[in-house]
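>>> one predicted model, sequence on top.
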Amino acid sequence: MTTSTVTQSTTIVIFGASCNLTRRKLIPSLCSLFCKGRLGSEVNIVGIARNNISSEEYGDSLVKRMETFEDFRLDIENWRWQGVPFYLRSGKALNDKRTEIVIQFRRPPHLMFDQDISPNILAIQVQPDEGLHLEFQAEAPDEKMELRPVDLEFHCDDSFSG
């Protein structure tokens, strides 16, 4: 993935600046790019809308209604976790409220089967539906010698309802 930064003076014009899509998607995306340093310091944003409001009122309304979302990578600097990325994602006004830990295991350095396989995944759901989900590749019990994905699931509600 390549990332580029705007280095010259640029003006972005937003037609329909007061509409819901602009407030919920476009402005947060531009803010995220700016915070990550990808817009540079010489960027002007001009909004054109049907509503007759001042720049200050419009700015205040954007800040109040803006969704917050953060997605970042952590690396633990010791020998045991060297090269293992931890991704944290958090935000408000997302589609659903949940807490989960997803571990995507590395591919083995040497594959026994000449086949493109998906990585093994362990997902631990903390809330709202407590449980575990393990997805891994297993050799099918036939003569073809091929791997197939296998899913193992455990949900507390299903096992302990009563």
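Structure received.

>>> can we go C-alpha only for contacts and neighbour counts from here?
Noted.

>>> verify the stated contact: residue 17 with residue 52.
No - applying C-alpha atoms under 8 Å as the test, residue 17 and residue 52 come out as separate, 11.3 Å apart.

>>> tell me which of the two has more neighbours.
Counted by other C-alpha atoms under 10 Å, residue 17 and residue 52 do not tie: residue 17 has more neighbours, with 19 against 9.

>>> pLDDT at that one, what is it?
With respect to pLDDT, residue 17 scores 77.

>>> on the three-state scheme, it is what?
coil (DSSP: H, G, I helix; E, B strand; the rest coil).

>>> next SSE after the helix or strand of the chain with the lowest mean pLDDT?
Sorted by mean pLDDT, DSSP states H and E, the helices and strands of the chain end with helix 55-65, the least confident at a mean of 69. Downstream of helix 55-65, the next assigned helix or strand under DSSP states H and E is strand 69-75.

>>> pairing partners for that next one, with directions?
strand 85-91 (antiparallel) (DSSP bridges).

>>> burial count for residue 27?
Residue 27, neighbours per other C-alpha under 10 Å, totals 19.

>>> got the buried residues for the helix or strand hosting residue 44?
Following DSSP H and E, one finds residue 44 within strand 43-48. Neighbour counts using 16 or more other C-alpha atoms under 10 Å place no residue of strand 43-48 among the buried ones.

>>> same question for that strand, mean pLDDT?
77.

>>> from the contact counts, what lies against it?
Counting by 3 or more C-alpha pairs under 8 Å, 6 or more residues apart in numbering; DSSP states H and E, the packing neighbours recorded for strand 43-48 are strand 10-15.
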